[in-house]
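**Student:** model this:
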Amino acid sequence: MKSAIHHPLSQHPGTSPRVHPPGLSRLRHAAQRSARVARHQQWEVDTAVEDSFPASDPPCWTLGRVG
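**Tutor:** All right, here's what the predicted structure looks like:
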């Protein structure tokens, strides 16, 4: 009887280890860079919003009477 050889990197006994397609590390690096850029852009927006509140202009209405 033949026994299946289990490779430590394979998912199932008797199967070959997973091989990542060429360029996968470049794709991962690009995705990580894109995520960093998106987080930085969101940080810039959040900072601008925080810096602009409260607005320096008073409301356009008053509670008093004119006259």
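**Student:** so Cys60: helix, strand or coil?
**Tutor:** Assigned state for Cys60: coil (three-state reduction, DSSP: H, G, I helix; E, B strand; the rest coil).
**Student:** repeat for Val37
**Tutor:** helix.
**Student:** do the same with Pro21
**Tutor:** Applying three-state DSSP: Pro21 is coil.
**Student:** now for it, how many residues are close by?
**Tutor:** Around Pro21 there are 6 other residues, counting by other Cβ atoms under 10 Å. For glycine as for every other residue, the C-beta is placed from the backbone atoms N, C-alpha and C.
**Student:** gap between it and Asp46?
**Tutor:** 37 Å (Cβ to Cβ, to the nearest Å).
**Student:** so who does Glu44 touch?
**Tutor:** Applying Cβ atoms under 8 Å, 6 or more residues apart in numbering, we find Glu44 in contact with no residue.
**Student:** for it, give me the pLDDT.
**Tutor:** With respect to pLDDT, Glu44 scores 96.
**Student:** which SSE is it in?
**Tutor:** Using DSSP states H and E, Glu44 falls within helix 24-51.
**Student:** report the mean per-residue pLDDT for stretch 27-38.
**Tutor:** For stretch 27-38, the per-residue pLDDT averages 96.
**Student:** ok, stretch 54-63 next?
**Tutor:** Mean predicted confidence for stretch 54-63 is 68.
**Student:** any idea how far Thr47 is from Ala30?
**Tutor:** For Ala30 relative to Thr47 (Cβ to Cβ), the value is 26 Å.
**Student:** neighbours around Trp33, how many?
**Tutor:** Actually, residue 33 is Arg. It isn't Trp. Neighbour tally, Arg33, other Cβ under 10 Å: 10.
**Student:** again with the one 5 residues further on
**Tutor:** Residues lying near Ala38 (other Cβ under 10 Å) number 10.
**Student:** and what of Leu27?
**Tutor:** 11.
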